[in-house]
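> Build me a model:
(one chain, ligands or ions: 1)
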Amino acid sequence: MIEVKNLKKTYDNREALKGISLAIDEGEFYGLLGPNGAGKTTTISILSSILELDSGEVIIDNQNIEMQPKEVKKLIGVVPQEIALYEELSAYENLMFWGGLYEVPKNELSSRATELLKLFGLDQRKNDKIKNYSGGMKRRVNIASALLHQPKVLFMDEPTVGIDPQSKNLIFEVVEKLHKQGMTIVYTTHYMEEAERFCDRIGIIDDGKIIAEGTLDELRNSSSVKETIAITFLNLNDMDVKEISAFWGDMKQIENTVHFYSLNVKSDLSKLVLQCNQLGLEITNIEILKMNLETIFLKLTGKQLRD
Ligand code: ATP
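Okay, here's the model as predicted:
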């Protein structure tokens, strides 16, 4: 359904995308996961025709976004990070306005808008002005407006950032429903829980590149680690780190904590504690971290998702 080849984008002289390639199937829920500044918004903005690409190619449902922009616009629904609504109009009026732009047939538009407002739990408030809505309610209207023309593909850029739990849950429910109905969804997030919950496949993006891709299981297996033993020390200087890495190569330092990657926690734990004691290092905390996207990401990049 979506094919992206070697996408590049530079702002002034900052290279934001350094050659992104993706292939997303029809009906797939694809998550782009990465920390702030990784290039998620730039990628999804290009895919949804909000931003022009410098080089590379994007094909959506056999249409090239640069050659057939009008056809592509009909196929896609876009939920950008910035909420684009008229504050002085009601939710219903906003949807009628957006539906007009998307050329939704007039005889369908009103019932479609009403149906979507109901789906997002806003039917009781549909005639209130947007300026009286909470951030989460505005976000729900924003998503509803992207669905008016019944797109085949939905692009969502961090749709749950900074909103209340009730709105978040409603958005999750709708998104899951749309996925079950067969919509292709591309979803950016820096919340690994969301990526783990929804996504058929996840692309991990860092510094303008996809550094790993696959189902959660594939990502777990590809990083060939079972678990992480995280040991925090009272102090850790460069010499200590050198000595630690000499006896445990597969590790990463994050401030005073060292993540030791292990295939057998039971036997490795006592070995590690013994070695650290022999080096005279004072341990203040030990945690066994389950293998999840956060630990996979750390292993791959040495960075935390939430910087
Ligand atoms: P966030 O979660 O913070 O939105 P992101 O993963 O979506 O992060 P992008 O917004 O795509 O990342 O940014 C990628 C890089 O491009 C960053 O280094 C960012 O500072 C830079 N960048 C983004 N937009 C612009 C712009 N309009 N002008 C200059 N640099 C930009």
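> So residue 218 belongs to a helix, correct?
Yes - secondary structure assignment places residue 218 in a helix (DSSP: H, G, I helix; E, B strand; the rest coil).
> Tell me the spacing between it and residue 287.
Taking CB to CB, to the nearest Å as the measure, residue 218 falls 26 Å from residue 287. Placement of C-beta: from N, CA and C, glycine included.
> next one: residue 299
For residue 299, the distance to residue 287 - CB to CB - is 16 Å.
> if you count what's nearby, which of these two comes out ahead?
A direct count of neighbours by other CB atoms under 10 Å for residue 299 and residue 287 places residue 299 higher, at 19 against 11.
> Could you measure from that one over to residue 289?
11 Å.
> which residues are in contact with both of those two?
Residues touching both residue 299 and residue 289 (CB atoms under 8 Å, 6 or more residues apart in numbering): 228, 259.
> which bits of the stretch 1-150 of the chain sit near the ligand?
Within the stretch 1-150 of the chain, the positions near the ligand by CB under 6 Å from any ligand atom are 11, 12, 14, 16, 34, 36, 37, 38, 39, 40, 41, 42.
> Can you redo these as TSV, where the extra columns are secondary structure, pLDDT and neighbour count?
Listed next are these as TSV, based on DSSP: H, G, I helix; E, B strand; the rest coil; pLDDT from 0 to 100; neighbours: other CB atoms under 10 Å:
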residue	secondary structure	pLDDT	neighbour count
11	strand	95	11
12	coil	91	5
14	strand	91	9
16	strand	95	21
34	coil	85	27
36	coil	83	10
37	coil	86	14
38	coil	90	26
39	coil	93	24
40	helix	91	23
41	helix	93	20
42	helix	95	22
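> can you list the weak-confidence ranges in the protein?
223-226, 305-307 (pLDDT under 70).
> who does the top helix by length along it touch, helix- and strand-wise?
For the chain, the longest helix by residue count, based on DSSP state H, is helix 165-180. Judged by 3 or more CB pairs under 8 Å, 6 or more residues apart in numbering; DSSP states H and E, helix 165-180 is in contact with helix 135-147, strand 184-189, helix 192-198.
> ok and it relative to helix 135-147, angle-wise?
Angle of helix 165-180 versus helix 135-147, following axes from the mean of the first three to the mean of the last three CA atoms, to 10 degrees, is 20 degrees.
> Just the buried positions in helix 165-180, please.
167, 168, 170, 171, 174, 175, 178, 179 (16 or more other CB atoms under 10 Å).
> For the ligand, see how far away the third one is.
Spelled out, that is residue 170. 22 Å (CB to the nearest ligand atom, to the nearest Å).
> Skip the chain neighbours and tell me the closest residue to that residue.
The shortest distance from residue 170 to any non-neighbouring residue, by CB to CB, 6 or more residues apart in numbering, is to residue 121 (5.4 Å).
> Am I right that the one you found is in contact with residue 143?
No - applying CB atoms under 8 Å as the test, residue 121 and residue 143 come out as separate, 11.8 Å apart.
> and those two? which has more neighbours close in?
residue 143 (24 against 16).
> Please consider this matter closed, and thank you.
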